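**Q** here's a sequence, model it:
(one chain, ligands or ions: 2)
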Amino acid sequence: MVPRPRNQGATISRTGSDLVLKLYNAIRSLGSAQHDLTALNETLGGLAKKGGTLSIRISRDRLYLNHDRIEMRSGHSVHRILLNELKKRKIGKIEFREPPDDEDLAEFLRCFLSMGDHNLPDGETLQRLLRKKKIESIRVEGLTPEDIEEDLGSSYERHAHYTRIYLYAMRLLKELFGQVDRGEECSDLDLTRRVVRTIVLGYADSPAAFMGLATIKSNREFLPNHSVNVAIYAIALGHRIGLSHRFLVDLGLAGFLHDIGESRLSWLGTNESRGLSEQEWTEATNHPALGVKTMMNAVGSREPAASRLLAGIFEHHLRDDLSGFPKLMRKKDVSLVGKIISLADFYDVFTRPYGENRFPCFSGRILQLIVERSGRDFDSTLTKYFARIVGPLPVGTLCRLDTGELGIVCSLMEEGMTGDRPWVRLLVSAGEIYRRRDAVSLKLMDKETGKYQRSIIEIIDPNELKIDVAEHLVPF
Ligand SMILES: [Fe+2]
Ligand SMILES: [Fe+2]
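**A** Ligands and ions are numbered 1, 2, ... in the order given. Here you go, the predicted model:
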């Protein structure tokens, strides 16, 4: 039976989130010079005073503090990382029967981390270790079959739900860009903002689902598809650097509408083979200014975040050194929104099918291109954060494993605490047709040999095998 969250909203949310954050920090810093358990112990002590035994547990893919659901704070993904680390170790519950002393707490964390070096044994193994070390104040339980069953169901449902939101956002933008092209008044911008808000909350809940959705690259529906993807990448980066929920929504809206000026240039994209004439090039490079004009006509000062939105539209092709376009008459600083949209725009454009390459391609090579341009085209600090999100094995990377299987990377670098061995969605081939199979962790080890069960031996361009990775990552 799954407990219903109690209506204690703000207090529980804050307390639970604090505990999650401190537990996460304690795990991350274990063994480093910054390692300090005081903050975690104080929180545990304070909570214990209020209500005796404390437990952090998983139910239906959510974290609970005792019977109260821990709300995720917008602005960081610590909650999701901790949840995933518990799930990978098949730990359903950690119970603090009394505030443990520093030594017991440190030993518990060491045992918790050491499990990652073996074949991800279940929570019961950790409990046996704790008993052996005579640690009575902390108890661990494994995930129950009911939890796992519900988890799989809810995870698929959520993924399908986010897919519907993604496709709805594309339809909404297609309609909006059509209105702009026909010179009609833009429809309800509040609705567009509400959709962005849903994506911001959805991203915080499941970053990998959204990064998987952004592998959809439809050139037939280029503008709406590109715009939703840019919003997702921008939200991901904004989320990573800890922007507020409100800022993230403004940022997402700027991603949605950054190319609205292009919707007035319907000939653009129809002449890829012959290139652009000088006149067309002038018009094309004017699309940021045209976009600003369009938005000002459409919303004027009605839009609550007009300045961020307009900055994102105007600056998304301006480089960090102010090269790019539009050409500026005088020096100005590029806004944070402009810098983020510019990076997100570049990443989406460079992963799209182009020319003879009919399938989108993800690999560390794009990250390398971005890093090479850091400080000149892109803000160097933002580039570093973006690199941490996509990593050398971005979601969507097609790879061959040493078992001979094909797989597609389907987890974010940051979702695991070690990050270098992602989850991959396995593919099985029947002639030229590929079907998706289970997702597996590359951290799994063979009990007998003590070696990893699967390792990546080669990154493959999906164009070689005619594979559209989105078809296998998204539950259409
Ligand atoms: Fe653009
Ligand atoms: Fe763009």
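
**Q** alpha carbons only for contacts and neighbour counts from here, please
**A** OK.

**Q** where in the stretch 301-450 of the chain is pLDDT low?
**A** 301-305, 414-419 (pLDDT under 70).

**Q** and if we set it to 80?
**A** Scanning the stretch 301-450 of the chain with the threshold set as pLDDT under 80 gives 301-305, 320, 322, 328-332, 413-420.

**Q** in it, which spans are helices?
**A** 306-315, 336-351, 364-372, 380-390 (DSSP state H, counting those that start in this stretch).

**Q** repeat for the stretch 101-250 of the chain
**A** 102-114, 123-132, 145-181, 189-205, 207-213, 222-240, 245-257.

**Q** so what does the third one touch, helix or strand wise?
**A** Think helix 145-181. strand 54-59, helix 189-205, helix 207-213, helix 222-240 (3 or more CA pairs under 8 Å, 6 or more residues apart in numbering; DSSP states H and E).

**Q** that helix: which residues count as buried?
**A** 147-148, 151, 155, 158-160, 162-163, 165-167, 169-170, 172-174, 176-181 (16 or more other CA atoms under 10 Å).

**Q** okay, the angle between that helix and helix 245-257?
**A** 50 degrees (axes from the mean of the first three to the mean of the last three CA atoms, to 10 degrees).

**Q** returning to what we had before: go through the helices of the stretch 101-250 of the chain and find the least confident stretch.
**A** In terms of mean pLDDT, the lowest-scoring of the helices of the stretch 101-250 of the chain is helix 145-181 (a mean of 79).

**Q** and that helix, how far out from the chain middle?
**A** 14 Å (CA atoms, centre = their mean, to the nearest Å).

**Q** by how many degrees do it and helix 222-240 diverge?
**A** Using the same axes, to 10 degrees: helix 145-181 against helix 222-240 is 130 degrees.

**Q** OK, contacts around Ile460?
**A** Thr397, Leu398, Cys399, Arg400 (CA atoms under 8 Å, 6 or more residues apart in numbering).

**Q** apply 6 Å and report the result again.
**A** The neighbours of Ile460, taking CA atoms under 6 Å, 6 or more residues apart in numbering as the test, are Leu398, Cys399.

**Q** for it, list each beta-bridge partner.
**A** Leu398 (DSSP bridges).

**Q** need phi/psi at the nearest residue to Lys217 once chain neighbours are set aside.
**A** Spatially, and ignoring its direct neighbours in sequence, Lys217 is nearest to Arg352 (5.9 Å; CA to CA, 6 or more residues apart in numbering). Backbone torsions of Arg352, given as degrees, to the nearest 10, read phi -80, psi 160.

**Q** format the helices of the stretch 301-450 of the chain as JSON lines; extra columns: distance to Leu213 and mean neighbour count.
**A** Below are these laid out as JSON lines (distance: least, CA to CA, whole Å; neighbours: other CA atoms under 10 Å):
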{"stretch": "helix 306-315", "distance to Leu213": "23", "mean neighbour count": "23"}
{"stretch": "helix 336-351", "distance to Leu213": "12", "mean neighbour count": "22"}
{"stretch": "helix 364-372", "distance to Leu213": "18", "mean neighbour count": "17"}
{"stretch": "helix 380-390", "distance to Leu213": "14", "mean neighbour count": "19"}
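
**Q** redo these as JSON lines? Include distance to Val424.
**A** Output for the helices of the stretch 301-450 of the chain, formatted as JSON lines (distance: least, CA to CA, whole Å):
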{"stretch": "helix 306-315", "distance to Val424": "34"}
{"stretch": "helix 336-351", "distance to Val424": "19"}
{"stretch": "helix 364-372", "distance to Val424": "16"}
{"stretch": "helix 380-390", "distance to Val424": "15"}
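
**Q** so which of the ones you listed is nearest Ile241?
**A** helix 380-390 (7.2 Å; CA to CA).

**Q** can you list contacts of that closest one?
**A** Contacts of helix 380-390 (CA under 6 Å, 6+ apart): Leu237, Ser374.

**Q** with only the CA atoms kept, save that helix in CSV.
**A** Extracted as CSV, the C-alpha positions of helix 380-390 are listed here (Å, rounded to 0.1, in the frame of the first residue of the first chain):
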residue,chain,number,x,y,z
SER,A,380,33.5,29.5,-20.5
THR,A,381,31.8,28.8,-17.1
LEU,A,382,28.5,27.9,-18.8
THR,A,383,30.4,25.7,-21.2
LYS,A,384,31.9,23.8,-18.3
TYR,A,385,28.4,23.2,-16.8
PHE,A,386,27.0,22.2,-20.1
ALA,A,387,29.9,19.7,-20.6
ARG,A,388,29.0,18.2,-17.2
ILE,A,389,25.4,17.6,-18.4
VAL,A,390,26.0,16.0,-21.8
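
**Q** tilt between it and helix 222-240?
**A** 100 degrees.

**Q** any idea how far helix 380-390 is from the chain center?
**A** The answer for helix 380-390 is 13 Å, by CA atoms, centre = their mean.

**Q** also stretch 455-475?
**A** Per CA atoms, centre = their mean, the centroid offset for stretch 455-475 relative to its chain is 19 Å.
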